[in-house]
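Novice: coords below, sequence missing:
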Ligand SMILES: [Zn+2]
Ligand SMILES: [Zn+2]
């Protein structure tokens, strides 16, 4: 029985991430999941997010500094740009990024996760009107 409940919870977490196209943090995923299953705990949601990214069903986006990691339903190879003001995440597509950079030593690249930091178009606009 425990397996059934576990599988259901994992599916619920997966469905929730897939329904959110905003690169949610674990906290934001929990907020959505708990609306569909009020008995689910935060720990369960966090654990399943970890499991699902290990299984390759979703992608974990490690964030720089103290920012909370985000999760992505979009498994196609891409990078991210994060707005330092509102936290919005924009997808970045760059083909063969590893070929365009120079490594100081021989290095066999398996995965590239780039995070650009800056201002999204909304925040650039707000900054302009204040000046
Ligand atoms: Zn912004
Ligand atoms: Zn993305």
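Specialist: Okay, I see it. Here the structure is a predicted model, which means the values were calculated and not measured. Ligands and ions are numbered 1, 2, ... in the order given.

Novice: The residue lying closest to residue 49 once chain neighbours are set aside: what's it in contact with?
Specialist: Among residues not flanking residue 49 along the chain, residue 26 sits closest, at 5.5 Å (Cβ to Cβ, 6 or more residues apart in numbering). Where C-beta positions appear, they are placed from N, C-alpha and C, glycine not excepted. Taking Cβ atoms under 8 Å, 6 or more residues apart in numbering as the criterion, residue 26 is in contact with 45-46, 49, 68-69, 71.

Novice: repeat for residue 117
Specialist: Neighbouring residues of residue 117 by Cβ under 8 Å, 6+ apart: 64, 81-82, 84.

Novice: between those, which is nearest ligand 2?
Specialist: residue 81 (9.7 Å; Cβ to the ion).

Novice: Verify the contact between the closest one and residue 90 for me.
Specialist: Yes: the pair residue 81 / residue 90 is scored as a contact, 4.6 Å apart, by Cβ atoms under 8 Å.

Novice: So the protein: which segments form each domain?
Specialist: 2-61, 76-130 (automatic domain parsing).

Novice: Name the stretch among those that sits most buried.
Specialist: domain 2-61 (a mean of 16; mean count of other Cβ atoms under 10 Å).

Novice: Please state the offset of that domain from the chain centre?
Specialist: What separates the centre of domain 2-61 from the centre of its chain is 12 Å, taken as Cα atoms, centre = their mean, to the nearest Å.

Novice: what's the answer for stretch 120-131, then?
Specialist: Taking mean C-alpha positions (Cα atoms, centre = their mean), stretch 120-131 and its chain are 25 Å apart.

Novice: when you scan it, is anything in it near ligand 1?
Specialist: Yes: interface with ligand 1: stretch 120-131 contributes 120, 123 (Cβ under 5 Å from the ion).

Novice: Stretch 15-25 too?
Specialist: No: judged by Cβ under 5 Å from the ion, stretch 15-25 and ligand 1 are separated, with a smallest distance of 12.4 Å.
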